[in-house]
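Visitor: sequence-free structure coming up:
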């Protein structure tokens, strides 16, 4: 029997494996699958790492568990968006000694910041001006969707009131809110230390949200839905997203995106004391600019020496880096899957229109309501609806005695073609794309004080907003 290939046992090894990938004719080094990893989208070519990411992958990493994400070398120290000259002058004068060179201060409000951050690297400190914005809280929520969760966000504006301040800092998780006029003294005392890296320690991680997708039984299409949901957030919505597949032996999520799995996931689960946000990012393989995949493909005889509580460290690190963590986690008794199923902010249960799926759903529903935010009913997805000889939606709902949240029709040819080519099924106008968009609205909805109520859109109770903060507040 062939011996299992060794895998890196420290942080530097992952960095070295990425370094080797740049020097081996576009082949990413690592255990598990063969070195010749064909790119199904371009026959005859090998998968490549995005050249824009190579400087990050080559950058040496310290193995200190407490290393802050802000230490990543490629992140700007500060980017500010202000609407008036007085605020711009106050920032320039107050930050003269904190930043080498001219600070990056741009004219524009929060909408300008949203447009810029969709394509720019998130800075360590981001300052946004909400002056003259009709719906400032909604705009800030939209901004949070395109910046990394650990960004230190400072908000300035003309709105006064305790309720507004609490909504910005507690519900949205912004670091602070300043009412204009912005003075040199205020910038020097509060903003400059943050830019210089002397921010207070972080006592609570309130960053990205974990969405766990679980198929009630095999073959219902849970992995395909998880892949496309992550693709929607990361590619279409340009939110920093990671797709997590904990099955290190037979996981299929990376294969569906034409991404070669790496050794980082196994290392993170076996040595959680070494994982941090920077290592978590390097362990995940890029599928797109803002979509990464964290998975593994170990030999079938390899045993995972899972360290108890390993998922806690991994989730904490991922939440500092990504807005959304989409995990494909089947119901499988064992410490790893048990830990993952206890941590989500939202559970998604996927079923097919068959009696066996109905039976499995009825058994899983009572044990699938506990989340990180308390008791919450999971989102129920009826996939492959319309399969010949299957139950109708009405029959499924009557058997479950509750309504299905999302129904996605069966389109085997489109799904099979996308899986073969290593692509998403979200292209063009299709019923699958409509279903994914509806599912995304369910798992990403949030209610704010100034947000209009849209007909048919799901709402989140105010008590749930503070538990899943859009920015990760530093205190």
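Guide: Good, I have the coordinates. In this text, all values refer to a predicted model and were calculated from it rather than measured experimentally. Numbers count the residues shown, from 1 in each chain.
Visitor: pull the number of nearby residues for residue 347.
Guide: For residue 347, the count of nearby residues is 24 (other C-beta atoms under 10 Å). (Glycine included, C-beta is placed from N, CA and C.)
Visitor: middle-most residue in the chain, spatially?
Guide: For the chain, the residue sitting closest to the mean C-alpha position, by C-alpha atoms, centre = their mean, is residue 324 at 2.3 Å.
Visitor: and that residue, what does it touch?
Guide: Contact partners of residue 324, counting by C-beta atoms under 8 Å, 6 or more residues apart in numbering, are 208-209, 211, 230, 233-234, 239-242, 444.
Visitor: helices along the stretch 251-400 of the chain, start to end?
Guide: 253-256, 264-270, 277-283, 310-321, 335-341, 355-364, 393-400 (DSSP state H, counting those that start in this stretch).
Visitor: packing partners of the fourth one?
Guide: In this case it means helix 310-321. Packing partners of helix 310-321 (3 or more C-beta pairs under 8 Å, 6 or more residues apart in numbering; DSSP states H and E): strand 209-215, strand 241-244, helix 264-270, helix 277-283, strand 324-328, helix 335-341.
Visitor: hmm, 6 Å instead?
Guide: Contact analysis of helix 310-321 by 3 or more C-beta pairs under 6 Å, 6 or more residues apart in numbering; DSSP states H and E lists helix 277-283 as its packing neighbours.
Visitor: okay, now residue 177: neighbour count?
Guide: 20.
Visitor: and it, what's its pLDDT?
Guide: The confidence metric pLDDT takes the value 93 at residue 177.
Visitor: over to it. Which of the three states is it?
Guide: For residue 177, the assignment made with DSSP: H, G, I helix; E, B strand; the rest coil gives strand.
Visitor: just flag the most distant two among the contacts of residue 324.
Guide: Spanning the widest gap among the contacts of residue 324 are 242 and 444, at 15.0 Å by C-beta to C-beta.
Visitor: who has more neighbours out of the two?
Guide: Taking neighbours as other C-beta under 10 Å, residue 242 and residue 444 compare with residue 242 leading, 28 against 21.
Visitor: what's the average pLDDT for stretch 343-360?
Guide: pLDDT averaged over stretch 343-360 gives 94.
Visitor: endpoints of it, how far apart?
Guide: This stretch, stretch 343-360, spans 22 Å end to end (C-alpha to C-alpha, to the nearest Å).
Visitor: contacts for stretch 150-160, please.
Guide: For stretch 150-160, the external contacting residues (C-beta atoms under 6 Å, 6 or more residues apart in numbering) are 69, 122, 125-131, 168, 174-180, 182, 194, 320, 471-472, 474.
Visitor: which one of the helices of the stretch 251-400 of the chain lies closest to residue 293?
Guide: Residue 293 lies closest, by C-beta to C-beta, to one member of the helices of the stretch 251-400 of the chain: helix 253-256, at 4.9 Å.
Visitor: which helices and strands does that closest one pack with?
Guide: helix 222-231.
Visitor: tilt between the helix it packs on and strand 209-215?
Guide: Interaxial angle, helix 222-231 versus strand 209-215 (axes from the mean of the first three to the mean of the last three C-alpha atoms, to 10 degrees): 160 degrees.
Visitor: gap between helix 222-231 and the chain center?
Guide: Relative to the centre of its chain, helix 222-231 is centred 13 Å away, using C-alpha atoms, centre = their mean, to the nearest Å.
Visitor: what's it packed up against?
Guide: Counting contacts by 3+ C-beta pairs under 6 Å, 6+ apart, helix 222-231 packs against strand 209-215, helix 253-256, strand 324-328.
Visitor: next, the buried residues of the longest one.
Guide: Along strand 209-215, these residues count as buried under the neighbour rule (16 or more other C-beta atoms under 10 Å): 209-215.
Visitor: lowest average confidence, helix or strand, in this structure?
Guide: helix 54-58 (a mean of 34; mean pLDDT, DSSP states H and E).
Visitor: wait, residue 254 sits on residue 295?
Guide: Yes: taking contacts as C-beta atoms under 6 Å, residue 254 lies within contact range of residue 295: 4.3 Å.
Visitor: give me the lowest-pLDDT entry from the buried residues of strand 209-215.
Guide: The member of those with the lowest pLDDT is residue 209, at 86.
Visitor: beta partners for it?
Guide: In this structure, residue 209 bridges to residue 324 when assessed by DSSP bridges.
Visitor: residue 347 is in contact with that one, correct?
Guide: No: Residue 209 is beyond contact range of residue 347, at 11.9 Å (criterion: C-beta under 6 Å).
Visitor: if I look at those two, which residues touch both of them?
Guide: Here residue 209 and residue 347 have no joint contacts, going by C-beta under 6 Å, 6+ apart.
Visitor: mind listing the strands for the stretch 351-475 of the chain?
Guide: 370-371, 374-375, 379-385, 406-409 (DSSP state E, counting those that start in this stretch).
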